[in-house]
Each structure stands twice: as C-alpha cells, then as structure tokens.
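Participant: Take this sequence and fold it.
(one chain, ligands or ions: 2)
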Amino acid sequence: MWHDDNDDIMKLYNIINVHEFDTPLPAACPVCGIKSGHIYMHRYDEEDHGGLWVWCSNCHNFSHSSFKVPDWWRNLSLFTIFDLHAVPDNLDEQAKYIDDFVNKLIAIKDDKKAKATTTTDIPCEKCGTNMINPYSGSMGLTCPNCGWGWVTSYYDPIVRDTTEYQITLLEGNNTSTETIRAINQVSRRNLIKSKQLIESAPQVIFKGDAPEVHDMKEILDKEAVLYRIEPDYPYD
Ligand SMILES: [Zn+2]
Ligand SMILES: [Zn+2]
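Facilitator: Ligands and ions are numbered 1, 2, ... in the order given. Down below sits the predicted model:
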C-alpha cells in the first residue's frame, strides 16, 4: 500500500526552501502531481538527531530517513518517538493538522531569515531604509520600516495567522497568590473563580488569536503555570 522505491518523492523536501506562497503545504506530489504531498520531521534529542518523512496521501509514495533536524523545527504534541515508524500511516491520518503547523513553521523560519539575512542594498523610495526580500525571492521587495514595496502588505507570520487557539489549564498547578493572579489575568474571572479553575483543572481558560495567546503565554510562563495550547502553537 505504501511505496518507498521512488526517490522523486524526496523532491517534496525542497519546498521547505523554495516555495511561492506562505502556505506551501499540501504540495504538488513530484510523482503523481496531485496536491497531496506532506512533510514531517521529529527531533529525537537535543543534538537535533531526528527523522524526516515525506509522503503523498494520493499515490502513497513516501520516503523516511534519519535526519539532522533544522533548528527552527518544532515537534508536534500529537506524536512521541514511539508513535512514529518508517511508514507514514499515522502521520497521514493527521495530514491536515501537520500541514497547517508546518506551514506556520516555514513562515516563521522565512520571516526570521528575511529579517536577518535578506536585506538588500536597495533603499526604500519612501523612507530610505534598505529593502528586504521577505519571501525567498519570489514575491519582490518590501520595506521593513514603512511597508512600501512590491509586496502589498508585510506582516509577521503571527499577525497573519488566522487560527483560533485555546489555552487549557492543566492539573497540578499550585494555588499561590501569584498563580491565581496569573489565571485571573488570562481567564478574566475573579480571584475566587480563578482559584476554582485551578482546583477543577483541566479547564479551558482562554480562546483567542495568535498574538493574544502570545500575551497570555507570557503571563502564564512567568509563573511557570502548567497549561496546554491547542492546536500546537509555533511561536516563541
Ligand atoms: Zn502522489
Ligand atoms: Zn520605507
């Protein structure tokens, strides 16, 4: 049912580096041409040893190899090392979820790279700041200062993210004043209700977009609160 004897499927990996849109996945399969090509990696240790899977949901060609995972990669919470084997059958069951997450990781990586390395010598006509090339050469130049350029608008990936995230308070949090205050700020419930949320966890305490969740995450991380964000949240 799954075939790993066609090396062309490995070309799917290239879209990590060369792609026209900021949502490159699912990608056109190099074997059958249908837009059902996927990529997943999983980091096994802190030295970035890991595995790489590329596969097509349509023609079921795949390739799996050991791999040095790039530093921008983040594992999904859906899988542990024990859930993953060479054949991508359980990955394929979550292909849509994986694609959404990997598209975000790629956008974040591209954005960081653009800000760090793709500054050009071409000054912005409006403000004189050197233009950048934010999309790996495919969509023209933009000004990182005033936004003028051949890209109509330039926003950080976190601002472009349209996902609604949900923060769930996990069991095992203490009921110190600091923790209760943090939950109070995030859940917008009063202090008594916030304490009850901690005692009755797991409880959903916040729903919002990526930038809102980022603010809430800072409040919770400061007090080392135990929580989970769904779907997987790719921003630092
Ligand atoms: Zn295919
Ligand atoms: Zn400018």
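Participant: so how far is the helix or strand of the chain with the lowest mean pLDDT from its chain's centroid?
Facilitator: Using mean pLDDT, DSSP states H and E, the weakest-scoring helix or strand in the chain turns out to be strand 119-123, at a mean of 81. Relative to the chain's own centre, strand 119-123 is displaced by 29 Å; criterion: Cα atoms, centre = their mean, to the nearest Å.
Participant: can you check stretch 189-201 too?
Facilitator: Counting by Cα atoms, centre = their mean, stretch 189-201 is centred 30 Å from the centre of its parent chain.
Participant: Over to stretch 190-203?
Facilitator: Counting by Cα atoms, centre = their mean, stretch 190-203 comes out at 30 Å from the chain centroid.
Participant: OK, contacts around the residue nearest to residue 122 when sequence neighbours are not counted?
Facilitator: In this structure, residue 122 finds its nearest non-sequential neighbour in residue 131, 4.7 Å apart by Cβ to Cβ, 6 or more residues apart in numbering. Yep, even glycine has a C-beta here, placed from its N, CA and C like the rest. With contacts defined as Cβ atoms under 8 Å, 6 or more residues apart in numbering, residue 131 is in contact with 119, 120, 122, 123, 124, 141, 142, 143, 144, 149.
Participant: Distance of residue 131 relative to ligand 1?
Facilitator: 38 Å (Cβ to the ion, to the nearest Å).
Participant: Please confirm that that residue is located within a strand.
Facilitator: Yes - assessed with DSSP: H, G, I helix; E, B strand; the rest coil, residue 131 lies in a strand.
Participant: where's it relative to residue 148, distance?
Facilitator: To residue 148, residue 131 is 9 Å away according to Cβ to Cβ, to the nearest Å.
Participant: Show the residue spans covered by the helices in the protein.
Facilitator: For the chain, applying DSSP state H gives helices covering 89-93, 95-117, 157-160, 177-187, 191-199, 210-222.
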